[in-house]
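> Fold the following.
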Amino acid sequence: MSATRFYTTQLQAGLGLIEETRLLLGLYEPGMTTSELSEKALTSGLFPLVSARRLRNIASECFAPRFLREPGTAAALKVLAGRLTRQEFSQLLFLYTARANLILDEFAREHYWPRYSAGQDSLTLDDAREFVLKGVRDGKTQKSWSDTTINRIASYLMGCCADYQLLSANTRGLRRILPFRILPRVAAYLAYDLKFQGLGDNQIIGHSDWQLFGLEREDVREEFKRLSLQGFLIMQSAADVTHISWTHKHMDEVVDVLTQG
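Just a heads-up that it's a prediction; the model follows:
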């Protein structure tokens, strides 16, 4: 039985951190600890404007929870970082940041996408604040948050979505909801990532990670049909049952194919 997850304030350690993550991945070597990565980053000269304390915080509170929880994640992203487009790389970072931060995961799936689907063209800080406040009232935090913390986390949610290009980058007033669609190589990566977690084909199709990109079960089926046409997999579907023949047997193979794409 999985442990109960709570909303945390961990996003305050860093939002999207796209360029910082790219640099840290460049320094990362398989098996490296968070402390070793921090020390290597400190001596690399790649972060001249970042204090030692801030850099250690980024490594321990952002990089490690997002990319070192599952073996092989950082190694795969290290290879992909230089081969994917900025938008593709950003979408993968969004996926892992949402997995590591339940509050961002639920904000995207339960608040952002319903607004998007309803045809609304913007979100405000008040919208995010109401979402956070409801979570606190519903017992999704381990202890009650002050109004100051609620306001701060609401701001971080909006900023994080802006970093990952779900919302416009303006820092004052409402933020425009931007067109956001999962890109093919990101969809292929996510499909195989879920497979190598040991999930069955129908579990993969219905997994909540797809909802981060606004995709429900039928949308995922359509996405898989496109992946099938591109040779990533072979999908057979009848009624509510889906069978997938997976072209690649290891994540290393998938990463290799994606870098050639």
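> Please enumerate the helices of this structure.
18-27, 34-44, 52-57, 64-67, 73-81, 86-100, 102-107, 113-117, 125-137, 147-163, 184-195, 201-205, 217-229, 251-260 (DSSP state H).
> Got phi/psi on the residue lying closest to Thr124 once chain neighbours are set aside?
Spatial nearest neighbour of Thr124, chain neighbours left out: Leu174 (4.6 Å); criterion: Cβ to Cβ, 6 or more residues apart in numbering. Using the backbone N, CA and C atoms, a C-beta is placed for each residue, glycine as well. Main-chain torsions, Leu174, degrees, to the nearest 10: phi -70, psi 150.
> from what I can see Leu174 touches Ser122, true?
Yes: counting by Cβ atoms under 8 Å, Ser122 is a contact partner of Leu174 at 4.2 Å.
> Distance from the helix or strand of the chain with the lowest mean pLDDT to the middle of the chain?
Ranked by mean pLDDT, DSSP states H and E, the helix or strand of the chain with the weakest confidence is strand 233-238, at a mean of 85. Chain-centre distance of strand 233-238: 26 Å, with Cα atoms, centre = their mean, to the nearest Å.
> which of the residues in it are buried?
Neighbour-count burial for strand 233-238, counted by 16 or more other Cβ atoms under 10 Å, picks out 233, 235, 237.
> again, but for stretch 78-96
By 16+ other Cβ under 10 Å, the buried positions in stretch 78-96 come out as 78, 80-81, 84, 88-96.
> Export these as TSV, with columns for distance to Ile205.
TSV is the format used below for those (distance: Cβ to Cβ, whole Å):
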residue	distance to Ile205
Lys78	29
Leu80	24
Ala81	28
Leu84	24
Glu88	22
Phe89	25
Ser90	25
Gln91	19
Leu92	20
Leu93	24
Phe94	21
Leu95	17
Tyr96	21
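> Put the alpha carbons of stretch 71-89 into PDB.
What follows is stretch 71-89 as a C-alpha-only set of coordinates in PDB (Å, rounded to 0.1, in the frame of the first residue of the first chain):
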ATOM      1  CA  PRO A  71      17.400   4.600 -11.300                       C
ATOM      2  CA  GLY A  72      18.300   5.600 -14.800                       C
ATOM      3  CA  THR A  73      16.200   8.700 -15.100                       C
ATOM      4  CA  ALA A  74      19.100  11.200 -14.900                       C
ATOM      5  CA  ALA A  75      21.300   9.100 -17.100                       C
ATOM      6  CA  ALA A  76      18.500   9.000 -19.800                       C
ATOM      7  CA  LEU A  77      17.800  12.700 -19.600                       C
ATOM      8  CA  LYS A  78      21.600  13.500 -19.700                       C
ATOM      9  CA  VAL A  79      21.700  11.900 -23.100                       C
ATOM     10  CA  LEU A  80      18.500  13.400 -24.300                       C
ATOM     11  CA  ALA A  81      19.200  17.000 -23.100                       C
ATOM     12  CA  GLY A  82      21.500  17.800 -26.000                       C
ATOM     13  CA  ARG A  83      19.400  16.100 -28.600                       C
ATOM     14  CA  LEU A  84      15.800  17.200 -27.900                       C
ATOM     15  CA  THR A  85      14.400  20.600 -28.800                       C
ATOM     16  CA  ARG A  86      14.000  23.000 -25.900                       C
ATOM     17  CA  GLN A  87      10.200  22.400 -25.900                       C
ATOM     18  CA  GLU A  88      10.600  18.600 -25.800                       C
ATOM     19  CA  PHE A  89      13.200  18.900 -23.000                       C
END
